[in-house]
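Trainee: sequence first, predicted coordinates after that:
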Amino acid sequence: MPGRHSLPRKPRRSVAPLATATVATAILAGGGLLAAEVAAENTGTDPAAAQQQTAARPSPSPSVTASRSEPQRPSRAAKRTAASPSPTETASVLGSGTCKASYYDEPQGTANGETFDPDALTAAHKSLKFDTRVRVTNTANGKSVVVRINDRGPYISGRCLDLSRAAFAEIAKLSSGVTTVRYEILK
């Protein structure tokens, strides 16, 4: 007598599409009923009559917009780098502080998974969320740059930012290696 596991199986059909369609229909129907009840409360009419009035009104649909007929021309830039945020007068500041900043330029991976680009305006910070924009100002000369946090570090006492080579060069001479900065976390 063959065991249960030796019987030929019929191919199973997936019920996921049917279940998804059923749930979506229920949500849409429930939304219509809810709208009818809200309309009834606002107008003081019977919910069934309000549902009929709601169903009679057409729902707004997206409008079609015209597009350019000629294709866009490719950029003339020979080398494209990731877009770097630029300082704006309207950016609101969420927090600020003063510390020492250094720079690094060794090719390596970053903590958020990107390949480090020493020519991009990026920085490392121990705890700020990735993609946070930070305005870094050299306290000695007033020069500033806006960087995007994409790495973790520095792990040297007294330093709170490790800037990319390009970002550091915007605010100080590379030969200085370390400088005191004021940082502002931008919204």
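Mentor: It's in. Numbering: from 1, shown residues only.
Trainee: where exactly do the strands run in this protein?
Mentor: Along the chain, counting by DSSP state E, strands occupy 93-104, 122-124, 133-138, 144-151, 159-164, 178-186.
Trainee: which residues sit in contact with the closest residue in space to residue 130 that isn't next to it in sequence?
Mentor: Leaving aside its chain neighbours, residue 130 sits nearest to residue 112 (4.4 Å; criterion: CB to CB, 6 or more residues apart in numbering). Any C-beta I mention is one placed from the backbone N, CA and C, and that applies to glycine too. Neighbour list for residue 112: 130, 131, 150, 151 [criterion: CB atoms under 8 Å, 6 or more residues apart in numbering].
Trainee: just say which of the strands of the chain is most tucked in.
Mentor: strand 122-124 (a mean of 26; mean count of other CB atoms under 10 Å).
Trainee: now do that strand, average pLDDT.
Mentor: What strand 122-124 shows for mean pLDDT is 97.
Trainee: same question, stretch 170-187
Mentor: The model assigns stretch 170-187 a mean pLDDT of 96.
Trainee: just checking, residue 182 touches residue 140?
Mentor: No - taking CB atoms under 8 Å as the definition, residue 182 is not a contact partner of residue 140, at 10.7 Å.
Trainee: show me where this protein has helices.
Mentor: With DSSP state H as the criterion, the chain has helices at 16-43, 47-56, 165-171.
Trainee: least confident of those helices, on average?
Mentor: The bottom spot among the helices of the chain, by mean pLDDT, belongs to helix 47-56, with a mean of 49.
Trainee: in JSON lines: the strands of the chain, plus distance to residue 170.
Mentor: What follows is the strands of the chain, written out as JSON lines (distance: least, CB to CB, whole Å):
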{"stretch": "strand 93-104", "distance to residue 170": "10"}
{"stretch": "strand 122-124", "distance to residue 170": "11"}
{"stretch": "strand 133-138", "distance to residue 170": "9"}
{"stretch": "strand 144-151", "distance to residue 170": "4"}
{"stretch": "strand 159-164", "distance to residue 170": "9"}
{"stretch": "strand 178-186", "distance to residue 170": "11"}
